[in-house]
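> For reference, the sequence and a predicted model appear below.
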Amino acid sequence: MKKTVILLLAIFLFGGIITSQIAFPGGVSGPAIWLSSEKNQTGEITWESRLSALRNGYHFENLGSKGENYLNFNPALFLNGFQQELRIDLEDAKFPEATIFTVYQPKDAYWEKSLWYYEIDGTNRLILTTHRVADLERLNYMNFSPQRIDLPRIHTYSFQRKDKDEAPLQQYLRFARMPEKGNLPITSFEGIIPEFIAFDRVLTPDERMRVETYLSLKYGISVSQFGTTFLLDAENRVIWNGKECEDFPYYITGIGRDDASGLDQKQSASSYNPSLLAIGANRIASNNPENKAVMPDKSYLIWGDNGESLLFEKEAQGHPERLSRKWLVTASGGINQVKTEVRLGVKQLKKPANPGETYWLVIDRSGTGKFPAGAVEYFKAVKTTSDEFIFFQNIEWDPDRSGKDLFTIAIGPEMIAETWITPPQCNPRENGRIQMGAAGGQPPYRFSLINLADQSERNWVTFSSDLEEVMDVAPGDYRLKITDAQGHKYEEALYVQSADAPLSDLKNSYLLKPGQPLRLDAARGITASSVSYCWIGPDGSKSYSPEITVSTPGSYQLILNREGCESRQNIRITQQGEDPFKDLALFPNPVSSDGTFNLKIALSQPAPVEVFMYDSSGRLVQNRSSGSARDHFLSGKINAPGNYVLKLISMGFTRSLTLTVE
C-alpha cells in the first residue's frame, strides 16, 4: 500500500521564533526538515516531525512500519522502496543551498541502493545512494563506496548552486524508491532510515560537527573528521578529543543528555558490533525510551577502544589475566553522579571462564592504561542466568573528576590478588618492595609471602581490601598465598626482577607459520657486554646461544645474566592453524542473464565467513557475512556484465574466486 508524506515548508517563514525554547539537532537552529523515528501507541514505528512547534501552515502524515526495528536501542523506521512510496512535497520552497544528514542501514549488502532523490519539475536533480551522491543535472558524482555497505552510516552532504529565480511548479524528496527516469545501475532501498535532517543553508564546520555528534551518540555510529574524531555538544564544547584519545579510535560511542540537542541517550552500544559492549544509566533496558534513568543536562560518558584482540593474557604477575582490548572513557558534566550497568557479550571472547572462575571489570582511574597501585578498582560480574552476556552493576565513572578512566575485562577466581612490585636494583644494590591486596572474597585476608631461595616467610592479616606494603624484598622467586574468611584460597608464583637487569627487545608472543621456522635473536638490541644467554624450551631442553630456531609451538623462557644480575622473559609461540577452506563451489559461472549465483563453502571446523565482491576496477560491490558454521551456502545476484573477484575470509585465511557475468 502506498502512503504519502506531504510537508509544506512554511517553517521557513518562522525565522522570528525564539530558538532557545526549542531543541534543535546539535543545538543548531533553523532545520527545514527534522524527521526521527518514534514508536506510537499502536505499536507502529513512524517518522515524527521534531519541529512540532512549527507545524502551523503545513500538514504531516506519518508513515509507519510494524516490527521491532531499532538502532542503538532507538526506534528506526523500516522502509521498503520496492513496495512503498514516501514523498515529501517541498511545494515552492527554494534550496539554492542545503546541508542534509541521513542516517541509514540497508537490510543487506547487495547492490547499490537509492536512499532518496530530489525531483524538481519532473527532473531528477540530486540523488543519494549507498555508494555516492550524484548531481544528475550536471553529471557530477561524489563516490564514497564504504567497505561494508550493510553497516549503519551517517551521511552528510552540503551543496550550493545558483538556481533560476522563479519558483518551481513541483518539487519532491522521494525516499527509498529508485528514480523512475534515468537508466541508473541501482535498486530501491530496503532497510532502516531512523532520522533525516535538512537545513536550507550550508552549515559551518562546527555546526556540522555538532549535528553529527548528536546523531553519532544517538545511533552508536562513529564519525570522523579527516581521520580524527572530535565530538561537540550543543554549546560547541569538545566532549571527545580524538587527538588526546588517539590510541582509542575504534567504536566510539556514548551516553549523554543535552536538552538543547533533544538528546537523551541513556544506553548505548556501537552499532558496528552491538552485542559486544553496552553501557547504560542505572540498568540497561530493552530499548532507550524504556530506560527511566535521569541524567543531568549537558552530561556525557563517551568511550572508544584500542582495537586489540579479545584474548585474555597475563599482562602482569600478581594480577588476573586481562583482555588485550582496552576502553578509554571520557566523562563530562555531572555524569559521575550516575551509576551505570556494563554489559559484555561473552560469546565474542576468545576464552570462556573455567569452572570456579568469574569475570572482573578492571578500571584504571589514572586513565593511563598502566594500572598503577592505588588507581585500580575491581568489580565482580553479577550472577545471572544469561549465557550470552555478563553484567557489572552500580559502576560509577570518573569519581576523581579527572575527566577520564580506562577499563578492561579480567578473568580469574572468586578472590584475586592485587600486586605491584617496585623492583630492586643490582648496582648499587638496593632491595625493592611489594604492595599487596585482595579483591573479592570476604575479609579478613591472611597473606603469606615465601622466599623460595631461603624458605623465609612473612605473614600478615588485613581486614579490608586496602593495600599492604612489604619492604626489603630481594630479587628472586617467591610464592604468594592468600586465604579469606570463607576459606577461598589464592596462590601464585612471583618473580622479583631487578630494574637494571639486562633485557632483550624480543616480543612476548610470536606466530609460527606452517613450514616456516622462526628465528629469535636475544642479543639484538643488547649493547652491554658480559651477558650470558639461556633458552629453556617447552620440553625443558636448554640452549646457551643467544639465537635459536623455533619449529615447535609452546612456552619458551629466556634468561639473561650480567654479572649476577638476572632477567627472565617468557615467550609464547603459537602455531598458525591450517587453511580452513576444504571445498569451494561457485555456480553457475558464468552467470546467466538473471544475475543469480550460488556459493558453497565447506570448512574444516565451524567458523564465520566474510565474502567481499570487487569489480574489475577494484571497487567493492557487495559484502556479506555468515555466522559460525562448518558448511555455508550463500546466494547472490549481480546484473551488470563483467568479471568480478570474490574474496573469502575465515579464521585469518583468504581465498579468491573469479565470477563472470555475461
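That came through fine. Since we're looking at a predicted model, the values are computed, not measured.
> For burial, what's the neighbour tally of residue 554?
14 (other Cβ atoms under 10 Å). Yep, even glycine has a C-beta here, placed from its N, CA and C like the rest.
> How about it: what's its closest non-neighbour residue?
Distances taken as Cβ to Cβ, 6 or more residues apart in numbering put residue 538 closest to residue 554, at 3.0 Å, once the chain neighbours are dropped.
> secondary structure class for the one you found?
When the structure is reduced to helix, strand and coil (DSSP: H, G, I helix; E, B strand; the rest coil), residue 538 reads as coil.
> how about it, what does it touch?
Contacts of residue 538 were listed using Cβ atoms under 8 Å, 6 or more residues apart in numbering, and they are 552-556.
> Now the buried members of the residues you listed.
In the contacts of residue 538, burial by neighbour count holds for 553, 556, counting by 16 or more other Cβ atoms under 10 Å.
> List just the nearest of the contacts of residue 538 to residue 189.
Lowest distance from residue 189 to the contacts of residue 538 (Cβ to Cβ) belongs to residue 553, with 49.0 Å.
> Surely the closest one touches residue 577?
No - with contact defined as Cβ atoms under 8 Å, residue 553 and residue 577 do not form a contacting pair (11.0 Å).
> Show me what the helix or strand encompassing residue 532 is packed up against.
In this structure, residue 532 sits in strand 531-536 according to DSSP states H and E. If contacts are counted by 3 or more Cβ pairs under 8 Å, 6 or more residues apart in numbering; DSSP states H and E, strand 531-536 sits against strand 542-543, strand 554-562.
> Would you mind saying which of those strands lies nearest residue 156?
With Cβ to Cβ as the measure, strand 554-562 is the member of the helices and strands packed on strand 531-536 nearest residue 156 (50.9 Å).
> Within the sheet, what are the partner strands of the closest one, with directions?
Looking at strand 554-562 with DSSP bridges, its partner strands are strand 531-536 (antiparallel), strand 565-575 (antiparallel).
> so after the last one, what's the next helix or strand?
Read it as strand 565-575. Moving toward the C-terminus from strand 565-575, the next helix or strand (DSSP H and E) is strand 581-587.
> Run me through the strand neighbours of the following helix or strand past that following strand, direction for each.
Once the chain leaves strand 581-587, the next helix or strand it forms, by DSSP H and E, is strand 596-614. Take DSSP bridges as the rule and strand 596-614 pairs in its sheet with strand 581-587 (antiparallel), strand 620-637 (antiparallel), strand 642-650 (antiparallel).
> Would you mind listing the buried residues in strand 596-614?
597, 599, 601, 603, 607, 609, 611-614.
> Show me which residues of stretch 401-419 are buried.
Using 16+ other Cβ under 10 Å as the test for burial, stretch 401-419 gives 404-419.
> Just give me the neighbour total for residue 583.
Counted with other Cβ under 10 Å, the neighbours of residue 583 add up to 10.
> contacting residues around residue 382?
With contacts defined as Cβ under 8 Å, 6+ apart, the neighbours of residue 382 are 391-393.
> no no, residue 581
Residues 601-604, 648, 650, 653, 655 are the ones in contact with residue 581 under the rule Cβ under 8 Å, 6+ apart.
> Okay then, goodbye and thanks.
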